[in-house]
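1. Got a sequence here, can you build the structure:
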Amino acid sequence: MEGSRSETFAAEANEEIIYTSLKFSQTSLPRAKAAQEKRAPCCWPAVVSGLAIGFGILSISLAVALIWKLNDSHSHCPEQWVAYRGSCYSFSKQKKDWYSSQESCWRQGAHLLVISDTSEMDLFKSIQTECFWIGLRNSTDSGWIWEDGSVYNGTKILSNSPVQHCVVLMKDHLQASSCEFPAPWICEKSLT
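-> Numbers count the residues shown, from 1 in each chain. Below you'll find the predicted structure:
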C-alpha cells in the first residue's frame with residue numbers, strides 16, 4: 001500500500017509539474033512577446049531621440065562655454081565695457097554733444113561706434129533703448145562718413161533739417177541730429 005501510494009503521489013506530482021510547465025510556456029511567452037512588441041515601436045525611438053537631442057544640446061552648450069572661456073582668457077575689455085566680435089564697447093550714462101562724446105572716447109583709447117555690417121547694426125539696434133551718438137557724421141564733400149574714414153552705405157539716415165550733421169543710433173533707425181544735441185554715446189575699441 002505504501003508503495004502504490006508513493007507511485008500515485010509521484011505520478012500526480014509529475015503530472016502537476018508537466019501541466020504547470022506547459023501552462024507557463026503557453027501563456028507567458030505570448031504575453032511577454034506581445035508586450036515587448038507594443039513597447040519597442042513606440043517607446044524606444046522616443047527615448048533614443050530624446051537622449052540624442054539632450055546630448056546634442058549639452059554638447060553645443062559645452063562648446064559655446066569653452067569658446068567663450070578661450071576668448072575671454074586671451075583678451076580683455078576694461079571694466080564696465082562689453083566684448084563682442086573682437087571689440088570692446090562702452091555705453092555712456094552721461095549726455096554730451098557729439099564732439100565732446102568723441103573726445104571722451106579718444107581719452108579712453110577708443111572712438112565713437114563704427115558699425116561695419118548689418119548684423120552688427122541689428123545687434124546695436126536691439127540692445128539699446130534710447131538714442132546714442134555713434135561715429136557717423138555728414139561731410140559736405142563726401143556725404144556720410146564713419147570715424148574710421150569709410151563711407152556709409154547703409155539704409156537712409158532720417159533727417160529733417162539741413163543743420164543735422166551727426167548721427168544718433170535709435171531703437172529702429174539712424175537719425176541725423178544737430179551735433180550740439182546732448183545724448184549718451186557708444187565708444188568702441190579693439191580687445192586688449
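
2. what sits opposite the residue nearest to Leu158 when sequence neighbours are not counted in the beta ladder?
-> In space, and not counting its chain neighbours, Leu158 is closest to Gln175: 5.0 Å by C-beta to C-beta, 6 or more residues apart in numbering. C-beta here means a position set from N, CA and C on the backbone, and glycine is covered the same way. Counting by DSSP bridges, Gln175 is bridged to Leu158, Val168.

3. which residues sit in contact with Gln175?
-> Residues counted as contacts of Gln175 (C-beta atoms under 8 Å, 6 or more residues apart in numbering) are 131, 157-159, 167-168.

4. quick one: which helix or strand includes the spatially closest residue to Trp81 that is not a sequence neighbour?
-> Excluding the flanking residues, the one nearest Trp81 by C-beta to C-beta, 6+ apart is Cys88, at 4.3 Å. Using DSSP states H and E, Cys88 falls within strand 87-91.

5. Give me the contact list for that strand.
-> Strand 87-91 is contacted by residues 77-78, 80-83, 105, 108, 110, 113, 128, 132, 184, 186-192 when judged by C-beta under 8 Å, 6+ apart.

6. so what strands line up beside that strand?
-> Here, using DSSP bridges, strand 87-91 pairs with strand 82-84 (antiparallel), strand 186-190 (antiparallel).

7. could I get those as JSON lines with distance to Glu180 and mean pLDDT?
-> Shown next, in JSON lines, are the strands paired with strand 87-91 (distance: least, C-beta to C-beta, whole Å; pLDDT from 0 to 100):
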{"stretch": "strand 82-84", "distance to Glu180": "28", "mean pLDDT": "86"}
{"stretch": "strand 186-190", "distance to Glu180": "19", "mean pLDDT": "93"}
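
8. So for Glu120, which of the ones you listed sits nearest?
-> Closest of the strands paired with strand 87-91 to Glu120 is strand 82-84, at 8.1 Å (criterion: C-beta to C-beta).

9. Quick one: the strands in the chain, in order.
-> 82-84, 87-91, 111-112, 132-139, 143-146, 166-169, 174-177, 186-190 (DSSP state E).

10. would you turn the ones you listed into TSV with distance to Ser119?
-> Shown next, in TSV, are the strands of the chain (distance: least, C-beta to C-beta, whole Å):
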stretch	distance to Ser119
strand 82-84	11
strand 87-91	13
strand 111-112	19
strand 132-139	16
strand 143-146	16
strand 166-169	15
strand 174-177	16
strand 186-190	15
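
11. Ok, which of those strands comes nearest Asp122?
-> Asp122 lies closest to strand 166-169 among the strands of the chain, at 11.5 Å (C-beta to C-beta).

12. Going by contacts, tell me the helices and strands next to that closest one.
-> On a contact count with 3 or more C-beta pairs under 8 Å, 6 or more residues apart in numbering; DSSP states H and E, strand 166-169 meets strand 132-139, strand 174-177.
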